[in-house]
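Asks: Predicted coordinates and the sequence they were generated for:
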Amino acid sequence: MRHLRLASCGSTNDEAKRRLGEGLVPPFLVSTAEQTAGRGREGRSWSHPKGNFAGSFALTPPQLLKDEPGLASLLSGLSVIEALQHFGASEADLQVKWPNDVLLAERKVAGILAEMVSKSEEIAFVIGIGVNLVQPPREARFPAAAVFSKDSAPDEAAFGDMLAEKLLQSMAFAQENGSAALRSRFKARAWRIGQSIAIGSGQGAASGLFEDIDPHGRILLRLADGSFRTISAGDVSHG
């Protein structure tokens with residue numbers, strides 16, 4: 001995958017979308033050593049301490065993701081885990097936290113922002129990913145950690161290249177094997193699946209048992225009265 005490495009930028013997602021608008025054909029990666037206006041879900045800021053990875057992947061999605069864009073963040077979280085494992089991170093301690101985070105020993109180490117971009121009749125995904133390779137942000141909504149020590153961390157650009165490879169492999173897997181197979185892979189890594197959780201979202205607060213992930217990438221929550229509720233986005237915490 002073509003990799004555009006910048007010294008500094010505001011938001012890598014914005015940079016990737018700008019290049020798409022100028023006619024650059026995906027797949028490509030825009031990453032940066034310094035990101036001054038990174039953002040996460042719902043417009044939240046994303047801190048980028050020196051030595052961490054910040055990049056956005058412009059990808060032509062397989063038909064499955066065009067039909068079910070909610071699966072993009074889940075697929076991306078699994079790809080982050082595989083890239084971290086390639087560089088020696090502990091497999092046992094890595095989990096994906098629905099809808100768009102990666103945890104190491106229950107502390108956040110990566111965040112994902114997946115956006116769909118349409119140009120004429122073409123559809124692309126811009127998937128922004130930030131990974132705490134060497135240090136966590138000073139302020140975080142959820143307990144955060146770094147994956148590696150400074151002595152053992154991969155180079156940010158090399159990590160981006162490996163993550164690009166894993167993303168392309170995950171997209172091929174999704175297209176070849178379908179939603180059920182992708183969701184099965186996600187559930188094997190999902191934080192607190194089968195346990196009580198609380199979710200705050202635009203649909204209102206709810207708590208219950210994290211029962212499943214539906215074909216659209218939404219949480220299926222079993223409430224105390226035995227009924228079910230599907231939630232498409234929100235902040236998940238211990239129930």
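Replies: Yep, that arrived.
Asks: what's the longest strand in this structure?
Replies: For the chain, the strand that runs over the most residues, judged by DSSP state E, is strand 107-119.
Asks: What helices and strands are in contact with that strand?
Replies: With contacts defined as 3 or more C-beta pairs under 8 Å, 6 or more residues apart in numbering; DSSP states H and E, the packing partners of strand 107-119 are helix 12-21, helix 72-86, strand 101-104, strand 122-131. C-beta: built from backbone N, CA, C; applies to glycine.
Asks: so A188 sits in a helix?
Replies: Yes - counting by DSSP: H, G, I helix; E, B strand; the rest coil, A188 is part of a helix.
Asks: Let me see the ranges of the strands in the protein.
Replies: Using DSSP E, strands in the chain cover 2-6, 28-32, 53-59, 94-97, 101-104, 107-119, 122-131, 196-200, 206-213, 219-222, 228-231, 235-238.
Asks: looking at those, which is buried most?
Replies: The highest average neighbour count among the strands of the chain, using mean count of other C-beta atoms under 10 Å, belongs to strand 53-59 at a mean of 28.
Asks: What mean pLDDT does that strand get?
Replies: For strand 53-59, the mean pLDDT works out to 97.
Asks: Of the helices and strands packed on strand 107-119, give the one that comes closest to I193.
Replies: For the helices and strands packed on strand 107-119, distance to I193 was read as C-beta to C-beta. The smallest value, 12.0 Å, belongs to helix 72-86.
Asks: Name the residues of that closest one that are buried.
Replies: Residues 72-84 are the ones in helix 72-86 that count as buried (16 or more other C-beta atoms under 10 Å).
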